[in-house]
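can't give you the sequence, but here's the structure:
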């Protein structure tokens, strides 16, 4: 749940650079620094993740008792379209959304969670929920962009938002009579899955008729099947994660959640963290974001000890990954909350202070704290030009290698 500077961004860059990659690599010219609205958290280009990262930042602040800046909340509220949906980012929210506005179920779902947690935005939450229900696919699931085939991650994220908003996913049904849980459970790899290690996991979307295990979808589906959102209170009980019970009970969200949690627990045993293969890499690399998601999912399922090793790994290894990234910092704060860990002493990082420094000063911040925050932002800005240059070079190289077709095209989470 911690925004990635995204598969969608990479795919878009690859498409735009295709046919021009040699020139881009031969003589790259730095692009101007993105214009980031004053109320928005983070300094990176918000095109693909503006609403997502803002929602996680506000949700995390609220969870630890920080009163967010009014302008930050107003920015998020202002991103909502009249029909209740949210795009990933609208540069000019004063203009009404139209047929060209690409609405995003993931952005809408997390915005619904954030605004609901903040309180005082019942009308906006209801409009968001109504819009999500209106774009449910016939199979009961959801796509990242309405009108596309359902996929496991988006279906999970939407169900979590609906549940947090007070809806009963089993009663949210498509025109064809399929419930939200019908859609979700269709993405689980069951007792006949091979290899056996994949049993209990959830997939993103079938490829060539086959569903592959996907850690992102599995962690999100665990929360959704439990009827929980991104904010998970520490569980009183603690039991080891267990493999999917076979034969599995059809149509049982709770059993499906425990099977998914057991799959994550087993996956974490090898290295203490999850891994992923990134384009151009010879070996799998640590997947920090999905590891954090897995810890939250395991905590939600009542398996804190199964997540203990991964939690310690995150404390020791997440600082560089999350630096200046409000969505990543927000996710780590929610990870700490779910496990009863102090977010102000997460390894060597005060996650709350680090998150606050990426956006408008909270309402309780003192002038001295604001001055310190402004100095931190200025320091972050000094390297913006070089980062943009290397982003262009990387995008050109991606296009040259033709990896764009391998990427999902959705705005995934900023994990790698």
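Looks like it came in fine. Being a predicted model, the structure only gives us computed values, none of them experimental. Numbers count the residues shown, from 1 in each chain.

the residue lying closest to residue 356 once chain neighbours are set aside and residue 87, how far apart?
Nearest non-adjacent residue to residue 356, counting by Cβ to Cβ, 6 or more residues apart in numbering: residue 362, 5.8 Å away. (Glycine included, C-beta is placed from N, CA and C.) Counting by Cβ to Cβ, to the nearest Å, the gap from residue 362 to residue 87 is 26 Å.

again, but for residue 166
The gap separating residue 166 from residue 87 is 25 Å, by Cβ to Cβ.

okay, those two: which has more neighbours?
The neighbour count for residue 166 versus residue 87, taken as other Cβ atoms under 10 Å, is higher for residue 87 (20 against 10).

please enumerate the helices of the stretch 1-150 of the chain.
7-17, 21-26, 50-63, 70-78, 105-118, 122-134 (DSSP state H, counting those that start in this stretch).

what's the closest of those helices to residue 339?
helix 50-63 (12.9 Å; Cβ to Cβ).

please point out which parts of that closest one sit buried.
Across helix 50-63, burial judged by 16 or more other Cβ atoms under 10 Å covers 50-63.

which elements pack onto that helix?
When contacts are defined as 3 or more Cβ pairs under 8 Å, 6 or more residues apart in numbering; DSSP states H and E, helix 50-63 sits against helix 70-78, helix 105-118, helix 326-339, helix 351-356.

repeat the analysis, applying 6 Å as the threshold.
Counting contacts by 3 or more Cβ pairs under 6 Å, 6 or more residues apart in numbering; DSSP states H and E, helix 50-63 packs against helix 105-118, helix 326-339.

can you say which of those helices is packed in most?
Ranked by mean neighbour count, those are led by helix 326-339 with a mean of 29 (mean count of other Cβ atoms under 10 Å).

next, the angle from it to helix 105-118.
Here helix 326-339 runs at an angle of 60 degrees relative to helix 105-118 (axes from the mean of the first three to the mean of the last three Cα atoms, to 10 degrees).

tell me the mean pLDDT for helix 326-339?
Averaging pLDDT along helix 326-339 yields 98.

in the stretch 151-300 of the chain, where is pLDDT below threshold?
In the prediction, the stretch 151-300 of the chain carries no residues with pLDDT under 70.

again, only using 90
Of all residues in the stretch 151-300 of the chain, those with pLDDT under 90 make up the ranges 209, 235-237, 248, 277-283.

just the helices in it please.
Under DSSP H, counting those that start in this stretch, the stretch 151-300 of the chain gives helices at 152-164, 180-185, 215-225, 253-269, 288-300.

ok, back up a step: dump the helices and strands packed on helix 50-63 into JSON lines; add distance to residue 234 as well.
Listed next are the helices and strands packed on helix 50-63 as JSON lines, based on distance: least, Cβ to Cβ, whole Å:
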{"stretch": "helix 105-118", "distance to residue 234": "17"}
{"stretch": "helix 326-339", "distance to residue 234": "6"}
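
for the ones you listed, which one sits closest to residue 37?
Once these are compared by Cβ to Cβ, helix 326-339 is nearest, at 13.2 Å.

now do that closest one against helix 50-63, angle only.
Orientation check (the same axes, to 10 degrees): helix 326-339 against helix 50-63 gives 40 degrees.

roughly how far apart are the nearest residue to residue 101 once chain neighbours are set aside and residue 54?
Nearest non-adjacent residue to residue 101, counting by Cβ to Cβ, 6+ apart: residue 87, 5.4 Å away. Distance, residue 87 to residue 54, by Cβ to Cβ: 13 Å.

and residue 61, what does it touch?
Neighbour list for residue 61: residue 68 [criterion: Cβ atoms under 6 Å, 6 or more residues apart in numbering].

so the nearest residue to residue 38 once chain neighbours are set aside versus residue 37, what's the distance?
Closest residue to residue 38 apart from its sequence neighbours, by Cβ to Cβ, 6+ apart: residue 71 at 6.7 Å. For residue 71, the distance to residue 37 equals 9 Å [Cβ to Cβ].

with residue 207 instead?
Taken as Cβ to Cβ, the span from residue 207 to residue 37 is 38 Å.

with neighbour numbers in mind, choose between the two.
Counted by other Cβ under 10 Å, residue 207 and residue 37 do not tie: residue 37 has more neighbours, with 18 against 9.

now the more buried one, what are its backbone angles?
phi -60, psi 150 (degrees, to the nearest 10).

how far away is it from residue 354?
21 Å.

check residue 286 too.
Residue 286 sits 20 Å away from residue 354, taking Cβ to Cβ as the criterion.

ok, those two, which is more surrounded?
Counted by other Cβ under 10 Å, residue 286 and residue 354 do not tie: residue 354 has more neighbours, with 23 against 20.

so for the more buried one, what's the pLDDT?
98.

skipping adjacent residues, who's closest to it in space?
Closest residue to residue 354 apart from its sequence neighbours, by Cβ to Cβ, 6+ apart: residue 329 at 5.4 Å.

check contacts around that neighbour.
322, 351, 354-355.

can you pick out the most distant pair from those residues?
Farthest apart among the contacts of residue 329 by Cβ to Cβ are 322 and 355. That separation is 9.0 Å.

residue 108 against residue 128, yeah?
Yes: using Cβ atoms under 6 Å, residue 108 is in contact with residue 128, at 5.3 Å.

the residue lying closest to residue 133 once chain neighbours are set aside - how many residues pack around it?
Take residue 133 and drop its neighbours on the chain: the residue closest to it by Cβ to Cβ, 6+ apart is residue 172, 5.9 Å away. For residue 172, the neighbour count with other Cβ under 10 Å is 21.

residue 172 and residue 181 touch, don't they?
No: using Cβ under 6 Å, residue 172 is not in contact with residue 181; the gap is 8.6 Å.

what's the distance between residue 104 and residue 154?
In this view, residue 104 and residue 154 are 9 Å apart by Cβ to Cβ.

do the same with residue 189
18 Å.

same deal with residue 256?
As defined by Cβ to Cβ, residue 256 lies at a distance of 17 Å from residue 154.

now residue 177
21 Å.

which of these two has more neighbours?
Neighbour count, other Cβ under 10 Å: between residue 177 and residue 154, residue 154 has more, with 26 against 9.
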